[in-house]
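Colleague: Curious how this folds, go ahead:
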Amino acid sequence: MDTHSFKEAVLQGIPSELPGPKPYDAGLNHAPRRKDILTNAEKKLAVRNALRYFPESFHQVLAPEFARELKEYGRIYMHRFRPDYPIYARRIEDFPHLSVEAAAIMLMLSNNLDQAVAQHPDELITYGGNGAVFQNWAQYLLTMKYLAEMTDEQTLVLYSGHPMGLFPSHREAPRVVVTNGMMIPNYSSPDDYERFNAMGVTQYGQMTAGSFMYIGPQGIVHGTTITILNAGRLLKQGGGGLAGKLFVSSGLGGMSGAQAKAAVIAGAIGVVAEINPKATRTRHSQGWVDEVYDDLDALLNRISRAREEKEAVSLAYQGNVVDLWEKFVAAGVDVELGSDQTSLHNPYAGGYYPVEIDFEKANQMMVHDPEKFHDQVQKSLIRHVNAINKLSSRGMYFWDYGNAFLLEAGRAGADVFGEDKSYKYPSYVQDIMGPMCFDYGFGPFRWVCGSSDPADLRLTDKIAAGVIRDMMQDAPAEISQQLADNLHWIEQAGENKLVVGSQARILYADSEGRIRIARAFNEAIRQKRIPAPVILGRDHHDVSGTDSPYRETSNIYDGSQYTADMAIHNVIGDAFRGATWVSIHNGGGVGWGEVINGGFGLVLDGSEAADRRLESMLFWDVNNGIARRSWARNKEALFAIKRAMKSQPALKVTLPNEADDRLLDSLFD
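Modeller: Just a heads-up that it's a prediction; the model follows:
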């Protein structure tokens, strides 16, 4: 389909004539069938809700079809309305538009549904097993049409994927405001999600899926690299880097697909188990994993050779991660670093597969015998933890990767608690990402080239590297290591072949770094060195964007880790400081009901208005979180916020006073 025909198709929205049915593509990775949880009355309501997108003349055909989809898949995806054109991050000018900002959003949401990027593209799921861009294809078609027709004096409102409509606003307002899964608190259990999502009234947007900011596995690979590097620095066995040392984890499907590549970049031997053969094949074909094994003895021989040669290599085990861990225990293989990235935010609907049950049989059990599946998952988690405990007793450093592993393992009755009833193992945020990055303001800043041209991405890498070198000239000692790691990362980014989908880059940067890099990009656009807009954003997994007591805010110890004021303030503040679009979500990372998180997108077009917006919004977007972390008495955050107040006299933050432990102890002994 040529560009003109593509534009016409987008502008059509929901077609005026009923399109023919679409074939099922067995070559794609599809979402598992969802739980049959609705009553007959609720099923009738789900079909009624789906039909409201279409004229009554379509209903006689669509009603029984949607009922079949609900029965077969547990959801109504409206497969008939999948577009005939391929969905990917085209050049920004190839999208029909009246607003360049709206075209940038179209580019970003298209990347989230690219078959090379999305985990379950036909089901509109980007990553994490249920992280959705939209609930159904009608929502996609309407949203694209609205974006194509809107001006810079309108705002598109999206309720959990549903385009409520275009509303009059103004040029300084966000072009799009997104909410995902925002529930009344008493109706936010996992079964509530299954029920209300099946009825078509809410969705789980994960983090960057429903906010149109996913950039493939690269989106987490820098943070994973930082985590593995610094975990290595914490090893009791001493220094010497990670050459010849073993990092073991699980998951190659979505965000977890970054682990194998990150291990190699960090210099380790990475071994990652994956139960889904399609996910393994995808990551192997994309070059994100070097070799694949389905025989554990052959895998152990390859690990032994890599140790001897101190080879940095990524090895996938096609099978269940519990079998892998138990093999290491039985064979006496020591593991230096261990973690887990199974999608345990969604343990009973495809996020975790029990050991000793075939992948396809497990998918059937999940639907037809959910109680047995639940029981098998919990038994598997107990075995999983038992093996990890044995290896940890032999010196392995293990951390929870914020995927609800310890949370669900504890609920299953696994041995994950210490004598004081706290978890035996730290979250990676507690030991590494929190004190070393988030408290200093470093987090997953990212950008996407609107030209979709690799040459422009290379230029932005060069510009960013130059900014970091300048910052290193007078950086305080507290953040020198972070800057050095970041410079190494960005200088090697092109060579590491990280791009899957849009021409995007991630770089952990603090407030000063983000602002200076964004300012340099905007100047390069103004000078025509970069020929198209650059879209800025970040993962929600950041300094300020997410309140999550088992991940992003797990190193907050004043009791406020269970509150969500920070994330809510962040999205509101971003919206009136110049963000092009904003989003706020229930769920993401550790699961529905366990986290509130938000994000933004900001389009740089070379204008003075973009200069003003980036200065104001990026400063707030980082320092809001540092202020909260400093109030929790985190010493690294106190250092960072005092430095921020010195650089910006208009910033005045309430600082904590310390209480003497002896005084407090005397009150309650």
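Colleague: Sketch out the low-pLDDT regions of this structure for me.
Modeller: Low-confidence segments of the chain, defined by pLDDT under 70: 236-240, 254-256.
Colleague: try it again with 80
Modeller: Scanning the chain with the threshold set as pLDDT under 80 gives 236-240, 253-257, 402, 589, 669.
Colleague: my read: residue 341 touches residue 401, true?
Modeller: Yes: contact criterion C-beta atoms under 8 Å: residue 341 and residue 401 qualify, at 5.2 Å. Using the backbone N, CA and C atoms, a C-beta is placed for each residue, glycine as well.
Colleague: ok, those two, which is more surrounded?
Modeller: Applying other C-beta atoms under 10 Å to residue 341 and residue 401 shows that residue 401 carries more neighbours, namely 27 against 24.
Colleague: what separates the nearest residue to residue 305 once chain neighbours are set aside from residue 40, distance-wise?
Modeller: Beyond its immediate neighbours in the sequence, the residue positioned closest to residue 305 (C-beta to C-beta, 6 or more residues apart in numbering) is residue 311, lying 7.6 Å away. Between residue 311 and residue 40 the distance is 59 Å, computed by C-beta to C-beta, to the nearest Å.
Colleague: So these two - more neighbours on which side?
Modeller: When residue 311 and residue 40 are compared for neighbours, residue 311 comes out ahead with 17 against 7, by other C-beta under 10 Å.
Colleague: Now do the SS call for the more buried one.
Modeller: For residue 311, the secondary-structure state derived from DSSP: H, G, I helix; E, B strand; the rest coil is coil.
Colleague: ok, now which ones touch it?
Modeller: For residue 311, the set of contacting residues under the criterion of C-beta atoms under 8 Å, 6 or more residues apart in numbering consists of 244, 269, 305.
Colleague: wait, isn't residue 168 in contact with residue 153?
Modeller: Yes: if you go by C-beta under 8 Å, residue 168 and residue 153 touch, sitting 6.6 Å apart.
Colleague: If you count surrounding residues, which of those two has more?
Modeller: Taking other C-beta under 10 Å, residue 168 and residue 153 do not tie; residue 153 has more neighbours (12 against 9).
Colleague: so how far is residue 110 from that one?
Modeller: From residue 153 across to residue 110, the span is 24 Å (C-beta to C-beta).
Colleague: and what of residue 192?
Modeller: Looking at residue 192 against residue 110, where the rule is C-beta to C-beta, the gap reads 31 Å.
Colleague: So these two - more neighbours on which side?
Modeller: When residue 192 is set against residue 110 and neighbours are counted by other C-beta under 10 Å, the residue ahead is residue 110, at 22 against 18.
Colleague: helix, strand or coil for that one?
Modeller: Under the three-state scheme (three-state DSSP), residue 110 adopts helix.
Colleague: and it, what does it touch?
Modeller: With contacts defined as C-beta under 8 Å, 6+ apart, residue 110 is in contact with 87-90, 95.
Colleague: same deal with residue 320?
Modeller: With contacts taken as C-beta under 8 Å, 6+ apart, residue 320 has the following neighbours: 273, 275, 353-356, 380.
Colleague: From what I see, residue 257 and residue 281 are in contact.
Modeller: No: using C-beta under 8 Å, residue 257 and residue 281 do not qualify as a contacting pair, with a distance of 11.8 Å.
Colleague: which of these two has more neighbours?
Modeller: For residue 257 against residue 281, the residue with the higher neighbour count under other C-beta under 10 Å is residue 257, and the figures read 30 against 17.
Colleague: if I look at that one, how far off is residue 616?
Modeller: 35 Å.
Colleague: could the contacts of residue 311 go into a markdown table alongside distance to residue 544 and neighbour count?
Modeller: Rendered in a markdown table, the data for the contacts of residue 311 read as follows (distance: C-beta to C-beta, whole Å; neighbours: other C-beta atoms under 10 Å):
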| residue | distance to residue 544 | neighbour count |
| --- | --- | --- |
| 244 | 38 | 17 |
| 269 | 35 | 28 |
| 305 | 45 | 12 |
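Colleague: Which ones among these lie within helices?
Modeller: Judged by DSSP state H, helices contain the following of these: residue 305.
Colleague: Assign residue 601 to helix, strand or coil.
Modeller: strand.
Colleague: Could you check how far it is from residue 526?
Modeller: 20 Å.
Colleague: One more: residue 638?
Modeller: Distance from residue 638 to residue 526, counting by C-beta to C-beta: 38 Å.
Colleague: Which residue of the two possesses the greater neighbour count?
Modeller: The residue with more neighbours, out of residue 638 and residue 526, is residue 638; 19 against 16, by other C-beta under 10 Å.
Colleague: which other helices and strands contact the helix or strand containing that one?
Modeller: Assigned by DSSP states H and E, residue 638 falls within helix 635-647. The elements that helix 635-647 packs onto, with contact taken as 3 or more C-beta pairs under 8 Å, 6 or more residues apart in numbering; DSSP states H and E, are helix 608-631.
Colleague: what's the spacing between the helix it packs on and its chain's center?
Modeller: Going by C-alpha atoms, centre = their mean, to the nearest Å, the spacing between the C-alpha centre of helix 608-631 and its chain's C-alpha centre is 21 Å.
Colleague: how about it: buried residues?
Modeller: By neighbour count, with 16 or more other C-beta atoms under 10 Å as the criterion, the buried positions of helix 608-631 are 610-611, 613-631.
Colleague: now swap in stretch 502-521 and tell me
Modeller: Applying a neighbour-count criterion of 16+ other C-beta under 10 Å, the buried positions in stretch 502-521 are 502-521.
Colleague: what's the answer for stretch 384-402, then?
Modeller: Across stretch 384-402, burial judged by 16+ other C-beta under 10 Å covers 384-385, 387-389, 391-392, 396-402.
Colleague: Quick one: end-to-end distance for it.
Modeller: Using C-alpha to C-alpha, to the nearest Å, the gap from the first to the last residue of stretch 384-402 comes to 17 Å.
Colleague: Going along the chain, name the strands of the stretch 201-350 of the chain.
Modeller: With DSSP state E, counting those that start in this stretch as the criterion, the stretch 201-350 of the chain has strands at 246-250, 269-274, 291-293, 313-318, 337-338.
Colleague: Now do the fourth one against strand 246-250, angle only.
Modeller: Relative orientation of strand 313-318 versus strand 246-250 (axes from the mean of the first three to the mean of the last three C-alpha atoms, to 10 degrees): 30 degrees.
Colleague: helices or strands up against strand 313-318?
Modeller: Here strand 313-318 touches helix 258-266, strand 269-274, helix 277-285, strand 291-293, helix 296-309, going by 3+ C-beta pairs under 8 Å, 6+ apart.
Colleague: run the last query once more with 6 Å
Modeller: The elements that strand 313-318 packs onto, with contact taken as 3 or more C-beta pairs under 6 Å, 6 or more residues apart in numbering; DSSP states H and E, are helix 258-266, strand 269-274, strand 291-293.
Colleague: Need the residues that contact the longest one.
Modeller: Meaning helix 258-266. For helix 258-266, the external contacting residues (C-beta atoms under 6 Å, 6 or more residues apart in numbering) are 217, 220-221, 224-225, 228-229, 242, 247, 249, 270, 272, 288-289, 312, 314.
Colleague: Now restrict those residues to buried residues only.
Modeller: 217, 220-221, 224-225, 228-229, 242, 247, 249, 270, 272, 288-289, 312, 314.
Colleague: from those residues, which is closest to residue 461?
Modeller: Distances from these to residue 461 were compared by C-beta to C-beta; the smallest belongs to residue 221, at 14.7 Å.
Colleague: what about the residue nearest to the closest one when sequence neighbours are not counted, distance to residue 295?
Modeller: Counting by C-beta to C-beta, 6+ apart, residue 221 lies nearest to residue 258, which is 3.8 Å off, once chain neighbours are set aside. Residue 258 sits 25 Å away from residue 295, taking C-beta to C-beta as the criterion.
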